[in-house]
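K.L.:
using only what follows, build the 3D model:
(2 chains)
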Amino acid sequence: MTSPHTGVLTATRATVAARATDLTKVYGQGETQVVALDQVSVDFRQAEFTAIMGPSGSGKSTLMHCMAGLDAISRGSALIGSTELNGLKDKKLTQLRRDKIGFIFQAFNLLPTLTALENITLPMDIAGRKPDRQWLDQVVQTVGLSGRLKHRPAQLSGGQQQRVAVARALASQPEIIFADEPTGNLDSRSGAEVLGFLRNSVRELGQTVVMVTHDPVAAAYADRVIFLADGRIVDDMADPTADRVLERMKGFDARGRVS
Amino acid sequence: MFRTALRNVLAHKARLLMTVLAVMLGVAFVSGTLVFTSTLSDATQKSSQKGFDGVDVVVQPHRSDAAGTPPGKAPGLSQALLDKAGKVPGAAGATGTVDGFTAIADKKGKLAGNGTSSRGRNYYPGADGKDARFPMTSGTAPKGAHEIALDSGTAEKTGYKVGDTVRLSVDGPVREAKVSGIFTTDDGAVSSGGSLALFDTATAQKLFAAPGEFSEIDVKAAPGTSQDALKAAVDKVLPDTAESVTGQKMADDQAEMIAKSMDSMKTGLLVFAGIALFVGIFIIANTFTMLVAQRTKELALMRAVGASRRQVTRSVLIEAFVVGAVAAVTGLLAGIGIGAGLRALTGALGAVPEGPLVVAPSTVVVSLLVGTVVTVLAAWLPGRRAAKIPPVAAMNSVHAAATTKSLVVRNAIGAVLAGAGIACVLGATAIGADGKGLMALGAGLLLIGVFVLTPLLSRPLIAAAAPVLRAFGISGKLARQNAVRNPRRTAATASALMIGLTLVTGLTVIAGSVQKGVDKMATDALKADYVVGMASMGPLSPDVAAKLAADPQVTASSPLRNAAARIGGETESLTGVDGKAIGELTNLKFTAGSFDGLGTPGSGRAVVDSGTAKQHGWQVGSSFETTFEDGRKGRLTVSGVFEGNDMLRGILLDTSELAPHQKHPTDAQVMVKTKGGASEAAKDALTESLGKNPAIAVQDKKDVSEGIAQMINLMLNMLYGLLAMAVVVAVLGVVNTLAMSVFERSQEIGMLRAIGLDRVGIKRMVRLESLVIALFGGVLGIGLGVFFGWAAGELIGSSMSTYELVLPWGRLGIFLALAAVVGMLAALWPARRAAKLNMLEAIKAE
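P.N.:
This next block holds a predicted model:
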């Protein structure tokens, strides 16, 4: 396995970490059929921080779930590295998530029975791998949890819990990290911290991060924002600022109101 | 409030399923027991009632125990008395009966009938030459010493027809008789599968009593004469040695006896039903505790909008009531089904008389009450806890976890109870036989103490399993942590299983130890190769002893002859033995004196067991006066004192001392030593020389041991069967806890799946948790069971010198394995549910 954090930023810019081609996701059948994703094609480049935005029901979460191997794909293709997800059996898919993908959830989703450190090394414990000690120390230091590794989640604040979750995603050096509204349950200061860590992990460690959010301020931390509406990609913004994103989102609202 | 409670029940149907099942099984056990016993009781009552239909007054031999009268059985009733009784004013006639054990060999030489009842009696023809009680369906009534009539059921089962020759035995020697006729009867013993052979009166009298004697006279009342009036008339002609009873009283007495025996059976079964229900209480309490915890917010909201504490508690209790009522009704129906099934089963085995299924109103009421009351009571504590939820909990996103403070109080109480329990039990073992009450109290306290302490015990005991679980990687680690996550819940679940295993283990330890002790007692003292006796345990003709003594392959033999005597106003039984041979046949430990000189005719010597000696204050050399069966007196001198056992105890003396006083001697058993020692061939030869008789059992030491083992095993297996229900309920409890836990932890499980734990890993995690909980309960139960078994053994040991504690390691291993199997089985469904959980739904923020 290559170590993304040692890679040179500019050289890997062009490499694609994950790619969707004509990705379609349909829920239900017949009359009640809902097309959540309609032939979406998008590349997520390595060592890039991508935010996915869009109004409720636009399919942004579905896109993430399909790309992360959490939900089955109806048609089209989704690649993680060079692995095609469509058609993979549950066992292979689970292995892929375990070895190549990191997750950060809105509700933190830590195991209350495990200490912070045990939560961080959980994916590697599942895989039966020994964590890379040096890398682990670096990650723990980066997210500022050094003094709290023995604590259990109930003894940590929300921000600290989410930092444990971020460390968990980073610790196994996955090819790509998917974050689902990571700041949704946090106050703005803790949220800013977590987003800072995510951006640093991309800038300094060469990690690839894809984040679903509805918060323009959060999206502004990303290198690039993809806008979804009605299951289609409608815009792709590089180097976003909160104001530009907000402006773009207002457009959806207006159009939503008109139609 | 009621509507909300009802909605809650409906909303949590699936989660309440196991609780309903647990209560249902308990109630089904209760109602099944009640239905079965009342059905059986009804049928038996009716059948016995029928037997007394034509009986007005019964005359029976009777002997008062007053000093001065000869000891032993009263003499039979004479023909003269019968004739007199039949002619008293108001009598329409009298019938004489004489009966006893009669084994009929089927065509293969095996005992006919199911062994419950093998009887023979006389055919007493009335004025018309027929006995109205036994109408012949074919052939004629038996006449002479070589004819019998058979009941139609036995004839059908064995295939005997009129004219066939049948081998039979009354007191040992084989007789042959021709079947003269086949008859029907409504005798209760016959309708429930026993065999009945009829002899002519003279033959029956010779076989069962003495020529010219009856054991019972039935006097029929003339029309218009009441039973009481007839009894008064009959009493006038009765000698001292007989008494009369009205048919009604006989029927009533019998009915009462049946009711009593049914009651004790019912009580026995209900105890086990109670255990199953008790186990169920843990499950109900667990379920409602979990439901309340899951609904904290909802309940707090109700409090916030103005519901009082009492209303909250009541809503939980109403919910419990609905659950209990549903479970009780289904349980009642299931119980009626079980009762009907058992009825059909025992009916098919032919062991009980026919009769309709009886569902008494009390059965319905008791079952419904038990189901609902138990459920509501068990939900009472969780209901109280629900009321304590502060309204502000509705606003908090996370409700406070159970504090450890309350466990401190709990542990202190538990430690005190368990400590007091252990002290009582140990105290009781020190006291010995009189410590029963103290031990029961101690056992109860200890059991409750352990229940209370289980949450505390769960951590160290489950931590002990960590090295094993580590082999299963992350699944094992998570399983261990999940198991101790909610110590109360784990404890309640494990306790449910613990109860069953404590009882099973305790009983097994006690039974095994008692078996060893009895076995030792029976075989250690026995030097004889064989013990010959009636298979029915009934009296054996002295002919058998004579025949065996004359057998060339027998080197020594002695009968154990029954004889009654009166010593110092008390009736005692004497045992006649062959004084010369007895020393070679037994290995009794003498505390003083010996068998020496016992066989010298006219010596008047006797050896007694230490218990009897102590009771009378005898020592070697003491002499005492005894009144023999015929009323004559004699003096005996104690020449030895030995330690008695089940087979040999009381007063032993040479048969020659008894012979002048006994008209019809009978033996309990005959001890035999053969030339080559015990062997299959020798046994066959003995059996052969006794005429291949189904009524006689030739047993070597191994057979005696096996007989004891078989009896104890049969009892133990029955208890296992009855306790199985408690274990089944406990399994439901484990399923219940796991299903609830999986439901509560669905978010975590979803996350674990998302970050890469596959389905196998999730399943393994749930299974291991189940295994850990089940084994925890198993270890506690087996440990407690062994302790109780040991303690009870100390009590038994104080009255049984050969008792020694036997720990059946193999069985204990099986019980532990059983607990593991319980854990695996219980996890099947919850593990599958957990593995199938929809990841996306689960990880979604609430």
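K.L.:
ok, the residue of the stretch 51-200 of chain A found nearest chain B - contacts?
P.N.:
Distances between the stretch 51-200 of chain A and chain B by CB to the nearest CB are smallest at A:R98, namely 2.3 Å. For the C-beta atoms, the positions are set from N, CA and C on the backbone; glycine is no exception. Residues near A:R98 by CB atoms under 8 Å, 6 or more residues apart in numbering or on different chains: A:P123, A:I126, A:A127, B:I755, B:G756, B:L757.
K.L.:
now it, nearest residue through space, not along the chain?
P.N.:
Using CB to CB, 6 or more residues apart in numbering or on different chains and skipping residues adjacent in sequence, the residue nearest A:R98 is B:G756, 2.3 Å away.
K.L.:
can you name the residue of the stretch 551-700 of chain B nearest chain A?
P.N.:
B:D646 (59.1 Å).
K.L.:
ok, back up a step: and the residue of the stretch 51-200 of chain A closest to chain B, how far is that from B:T346?
P.N.:
60 Å (CB to CB, to the nearest Å).
K.L.:
and if you look at B:T39?
P.N.:
Distance of B:T39 to B:T346, given as CB to CB: 10 Å.
K.L.:
okay, these two: which has more neighbours?
P.N.:
Applying other CB atoms under 10 Å in any protein chain shown to B:T39 and B:T346 shows that B:T39 carries more neighbours, namely 23 against 16.
K.L.:
follow-up on the earlier one: just the pLDDT at the residue of the stretch 51-200 of chain A closest to chain B, thanks.
P.N.:
A:R98 carries a pLDDT value of 90.
K.L.:
give me the below-cutoff pLDDT ranges for the stretch 201-350 of chain B.
P.N.:
The stretch 201-350 of chain B contains residues with pLDDT under 70 at B:349-350.
K.L.:
need the residues of it near chain A, please.
P.N.:
With the criterion set to CB under 8 Å from any CB of the partner chain, the stretch 201-350 of chain B never comes near chain A.
K.L.:
B:L16: what's it in contact with?
P.N.:
By CB under 8 Å, 6+ apart, the contact list for B:L16 reads B:V9, B:T287, B:V323.
K.L.:
buried ones in stretch B:239-248?
P.N.:
Residues B:T241, B:A242, B:E243, B:S244, B:V245, B:T246, B:G247, B:Q248 are the ones in stretch B:239-248 that count as buried (16 or more other CB atoms under 10 Å in any protein chain shown).
K.L.:
circling back to that earlier point, run a quick neighbour tally on the residue nearest to A:R98.
P.N.:
Counted with other CB under 10 Å, the neighbours of B:G756 add up to 26.
K.L.:
am I right that it is in a strand?
P.N.:
No. The assignment for B:G756 (DSSP: H, G, I helix; E, B strand; the rest coil) gives coil, which keeps it out of a strand.
K.L.:
I'd guessed it sits against A:T94; true?
P.N.:
Yes. Here B:G756 reaches A:T94: they are 5.8 Å apart, a contact under CB atoms under 8 Å.
K.L.:
looking at this, B:W790 is in a helix?
P.N.:
Yes. Counting by three-state DSSP, one finds B:W790 located in a helix.
K.L.:
please name the nearest non-neighbouring residue to it.
P.N.:
Spatial nearest neighbour of B:W790, excluding adjacent residues (CB to CB, 6+ apart): B:L805 at 5.9 Å.
K.L.:
B:A834: neighbouring residues, count only.
P.N.:
For B:A834, the number of neighbouring residues by other CB under 10 Å comes to 27.
K.L.:
point out the residues in the stretch 1-150 of chain A that sit beside chain B.
P.N.:
A:65, A:68, A:70-71, A:90-91, A:94-95, A:97-99, A:101-103, A:105-107, A:109, A:111-114, A:122-123, A:125-128.
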